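> show me how the following folds:
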Amino acid sequence: MTDFSFTGSGILNDADITQLVEGEGIRFACPPDADQIQPASLDLRLGATAYRVRASFLPGPNETVEEKLERLQLHQIDLTEGAVLETGCVYIVPLMESLALPDFIEAAANPKSSTGRLDIFTRVIADRSRQFDTIPTGYRGQLFLEVSPRTFPIVVRAGSRLTQIRFRQGRSRLSDAEHLALHNSESLVIASDDPFIDNGIAVSIDLEGEGIIGYRAKRHSAVIDVDKRDALDMLDFWEPIAGRGKNALILDPDQFYILVSREAVHVPPCYAAEMVPFDPLMGEFRVHYAGFFDPGFGASEAGGKGSRAVLEVRSHEVPFIVEHGQLIGRLAYERMRARPTRLYGTGIGSNYQAQGLKLSKHFRMA
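Have a look, this model is predicted:
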């Protein structure tokens, strides 16, 4: 493995990730896809076998994932030509990518935007780990993905990309004071004159008007092939929600909703962001599986002026009323180690630049 030398701290950009690949800090079971490296992340691909397990697990400090799977797997599913993963089931899939990280590089994973908008619950697991989606500095080993479709049965195959990984050197997250200074200079959230900042900058929900304010997933549907875009009639899978001027919405327990932020979000080219929840005491719901916002999201120079954050919302135990303007999450910004060579946006065919309320790329809008 090549010795790496990245000056400065921050999230690694596309050129840095390419350097990791060339130095075998990132290894592939088969040649990488041409578009696998994004401005601030790497897409991860499913391997050829899925293991159905009874329950989710972490390996803990003394075991590998494979050792756990030997005891916990119920059966194996060949993904070579594609297979259906059913709702309510838990699957563990070895990924095509493995890592041999330098001692000063750590990583974090998150579902891709399209994965979250389909209500597919995914988490990356590393050997001997005590946390999901977190890969410590110097990690050397295989990566695995836990996959659990929550609303729609899905078709996946070897090479399907459901999750992504970011690499970080040193401290990168901004303090509250730094968030405020960056907002004052770059307008991180547009439509918020006096932003609420607490370990990130607040994002609220848009439920205003009499048009379509969101979508509620239908409980019983056909399967969705995660690799086919514009292939499905939206109305076969989603119930549009009309606002009717009420500026509020009752979230029914265990229902999945696609909603949108009131604010337009802006991620400057030298920063990345992650959507993280507020204190759970603020509401009985979960928001946003897919937390990464790449450099250039919502940036006018990348064709994204006015980009909203799409909110993937699921209520918990009881019905819960959300109202227009209610705080629903926060954007935590991090410094890039250096500006990416390409920004998220129209130049690289990004699916969700300049978006408003928008379902995943798999659906044809009515």
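> CA atoms for contacts and neighbours, from now on please.
Noted.
> just confirm R27 is within a strand.
Yes: looking at R27 with DSSP: H, G, I helix; E, B strand; the rest coil, it is inside a strand.
> quick check: longest helix in this protein by residues?
Scanning the chain for the helix with the most residues, using DSSP state H, yields helix 176-186.
> which helix or strand lies directly C-terminal to that helix?
Downstream of helix 176-186, the next assigned helix or strand under DSSP states H and E is strand 189-190.
> so, low pLDDT: which residues of the stretch 101-250 of the chain?
192-193 (pLDDT under 70).
> all strands of it, in order?
105-111, 120-126, 134-135, 140-149, 154-156, 161-169, 189-190, 201-204, 212-217, 224-225, 232-233, 238-242, 248-251 (DSSP state E, counting those that start in this stretch).
> of all these, which lies closest to D33?
strand 161-169 (10.3 Å; C-alpha to C-alpha).
> which residues sit against the closest one?
8-12, 17, 40-46, 104-112, 114-115, 122, 337 (C-alpha atoms under 8 Å, 6 or more residues apart in numbering).
> next one: stretch 114-127
Stretch 114-127 is contacted from outside by 58-60, 63-65, 109-111, 131-135, 141-152, 162-163, 256, 258, 288-290, 312, 359-361, using C-alpha under 8 Å, 6+ apart.
> which residues does L95 contact?
L95 sits next to 44-47, 142-145 when contact means C-alpha under 8 Å, 6+ apart.
> so which of the residues you listed is the closest to T87?
L145 (16.1 Å).
> please report how far the closest one lies from F121.
10 Å (C-alpha to C-alpha, to the nearest Å).
> neighbour count winner among these two?
A side-by-side neighbour count of L145 and F121, using other C-alpha atoms under 10 Å, places L145 first with 24 against 18.
> columns distance to L331 on top of the contacts of L95, output as a markdown table?
Converted to a markdown table, the contacts of L95 look like this (distance: C-alpha to C-alpha, whole Å):
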| residue | distance to L331 |
| --- | --- |
| L44 | 23 |
| R45 | 27 |
| L46 | 29 |
| G47 | 32 |
| Q142 | 30 |
| L143 | 27 |
| F144 | 27 |
| L145 | 25 |
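> most neighbours of all those residues, which one?
L44 (28 neighbours).
> wait, is it part of a strand?
Yes: judged by three-state DSSP, L44 forms part of a strand.
> you'd agree it is up against M96?
Yes: applying C-alpha atoms under 8 Å as the test, L44 and M96 come out as touching, 7.2 Å apart.
> burial count for D35?
10.
> list the contacts of the residue nearest to A50 when sequence neighbours are not counted.
Distances taken as C-alpha to C-alpha, 6 or more residues apart in numbering put V93 closest to A50, at 4.6 Å, once the chain neighbours are dropped. Applying C-alpha under 8 Å, 6+ apart, we find V93 in contact with 46-51, 144-147.
> between the contacts of L95, which is nearest V223?
L46 (18.3 Å).
> tell me how far that closest one lies from A15.
Taking C-alpha to C-alpha, one finds L46 at 24 Å from A15.
> and if you look at F320?
45 Å.
> next one: Y91
For Y91, the distance to A15 - C-alpha to C-alpha - is 33 Å.
> any idea what I224 is bridged to?
Going by DSSP bridges, I224 is paired in beta bridges with I154.
> what's the angle from the host helix or strand of E70 to strand 120-126?
According to DSSP H and E, E70 maps onto helix 65-72. Comparing the axes of helix 65-72 and strand 120-126 via axes from the mean of the first three to the mean of the last three C-alpha atoms, to 10 degrees yields an angle of 120 degrees.
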